[in-house]
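Asker: A predicted structure for the sequence below; I have some questions about it.
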Amino acid sequence: MKKALFKYFVELTGHPVSSSVLKSVTSSRLSRKLIKPFARTYHINESEAEFPIERYESLQAYFTRNLKQGARPIDSQHEILISPVDGYLSASGTIEKDQTFIIKEYLYSIKQILGDEKISNAYEGGFFYVFYLSPSHYHHFHYPYDGKLVSRYALGSTSFPVNDLGLRLGNQPFATNFRLISELSTEHGKMAIIKVGALNVNSIHINDSSKECRKGEEFGYFSFGSTVILLLEKNHLFQPTIPTNTEVRMGQSVGKWNLAPRD
C-alpha cells in the first residue's frame, strides 16, 4: 500500500489538476514526514546521498537528491559505453527498419519518439537501450560517452505518466509525452539520448548546455518518474555488454566498441 502511494506521488497522473496538487504537496515542507518512510519503502541506500536524510526539506528534494562524489564509479576505458542513468534495462537490441519498441505491451515507432523520419532513419541498423527509472532510483542523467552536442530539441505535450496506468490508458503516450532529445556526435557515430517526462508539466531539467560532452558528466535530472531511451548509429564494432531485464547503475559498462567486427 505504501509503495503504491509513493509511486503515485512521484510518477503523478495524467490530469493537470491532480498532477499540480501532487507536485505542490511533494515540494512542500509538509512532505518532510514522508521522506524516511519513502527511503525505507524503497530500500534506498542513505549513505550514498549527498546530505543526511534530515537535511532534505521536502520529498521532492530527496527524490532529486545528488549523490556523494565517487558513489558511481565511471568505467573510463576508452572503448566502453556507460549507462547514462541508474535504472532497469527493460529492452535493448538492434534498430531494425521501421523499428518499434514494445514498452509495457504497447508498440511505439522510432519515428514517433524522435518526431522526424529523416532523423530516425539515420539510426537504422544501430542499437537501442530503454532504461526505466523507478521511484527508488537516482534520477539524474549523465553523458554515456565523449562527444559534441549537435542538437537538442523538445517534442510532445505532456499528458500521461510513463508508468503502467498511463501506458494502458494513454493514447500513444510516448508520442504525446514531453520528451527532450539530445544528439551527440562521437568518434563512433551519432547517438541520441531521449529523456521522457512523466507528467503533464515538464519534469526534465537541464543543468549543462555546453557543446562539449564528457563521459560520466551529469547534465540534468528528472523531478518526477521517467524513462530514458539511448540510440546508437550503426557501427559493426559495437556490441552490448549487459543483458536486458537487468538493474544498472550510472557509470557501468553497457556496451563496447571492439577492435574487430562482431559476427
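Answerer: Alright, I've got the coordinates. All of these numbers come straight from a predicted model, not from anything done at the bench.
Asker: which SS state does the nearest residue to Glu96 once chain neighbours are set aside fall under?
Answerer: Distance criterion C-beta to C-beta, 6 or more residues apart in numbering; nearest residue to Glu96, sequence neighbours excluded, is Glu124 at 7.3 Å. Just so you know, the C-beta spots here come from the backbone N, C-alpha and C atoms, and that holds for glycine as well. Per DSSP: H, G, I helix; E, B strand; the rest coil, the local secondary structure of Glu124 is coil.
Asker: which stretches of the stretch 101-250 of the chain aren't confidently modelled?
Answerer: Along the stretch 101-250 of the chain, segments meeting pLDDT under 70 span 102-106, 157-176, 198-202.
Asker: so where do the strands sit in it?
Answerer: For the stretch 101-250 of the chain, the strands defined by DSSP state E, counting those that start in this stretch cover 106-109, 127-133, 140-142, 147-155, 179-186, 189-196, 204-206, 212-213, 218-222, 226-232, 238-240, 246-248.
Asker: would JSON lines of those with mean neighbour count and distance to Ser76 be doable?
Answerer: Shown next, in JSON lines, are the strands of the stretch 101-250 of the chain (neighbours: other C-beta atoms under 10 Å; distance: least, C-beta to C-beta, whole Å):
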{"stretch": "strand 106-109", "mean neighbour count": "15", "distance to Ser76": "33"}
{"stretch": "strand 127-133", "mean neighbour count": "23", "distance to Ser76": "20"}
{"stretch": "strand 140-142", "mean neighbour count": "25", "distance to Ser76": "13"}
{"stretch": "strand 147-155", "mean neighbour count": "15", "distance to Ser76": "15"}
{"stretch": "strand 179-186", "mean neighbour count": "21", "distance to Ser76": "15"}
{"stretch": "strand 189-196", "mean neighbour count": "23", "distance to Ser76": "18"}
{"stretch": "strand 204-206", "mean neighbour count": "16", "distance to Ser76": "24"}
{"stretch": "strand 212-213", "mean neighbour count": "17", "distance to Ser76": "15"}
{"stretch": "strand 218-222", "mean neighbour count": "21", "distance to Ser76": "16"}
{"stretch": "strand 226-232", "mean neighbour count": "25", "distance to Ser76": "19"}
{"stretch": "strand 238-240", "mean neighbour count": "18", "distance to Ser76": "18"}
{"stretch": "strand 246-248", "mean neighbour count": "15", "distance to Ser76": "17"}
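Asker: and the ones you listed as TSV, adding distance to Ser120?
Answerer: Converted to TSV, these look like this (distance: least, C-beta to C-beta, whole Å):
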stretch	distance to Ser120
strand 106-109	8
strand 127-133	11
strand 140-142	21
strand 147-155	12
strand 179-186	11
strand 189-196	9
strand 204-206	20
strand 212-213	21
strand 218-222	23
strand 226-232	9
strand 238-240	19
strand 246-248	25
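Asker: just so I know, which of those lies nearest Ser92?
Answerer: strand 127-133 (4.7 Å; C-beta to C-beta).
Asker: before we move on, the earlier item: so which of the strands of the stretch 101-250 of the chain is nearest Thr26?
Answerer: Per C-beta to C-beta, nearest to Thr26 of the strands of the stretch 101-250 of the chain: strand 218-222, 13.2 Å.
Asker: just the angle between that closest one and strand 147-155, please?
Answerer: In terms of direction (axes from the mean of the first three to the mean of the last three C-alpha atoms, to 10 degrees), strand 218-222 departs from strand 147-155 by 20 degrees.
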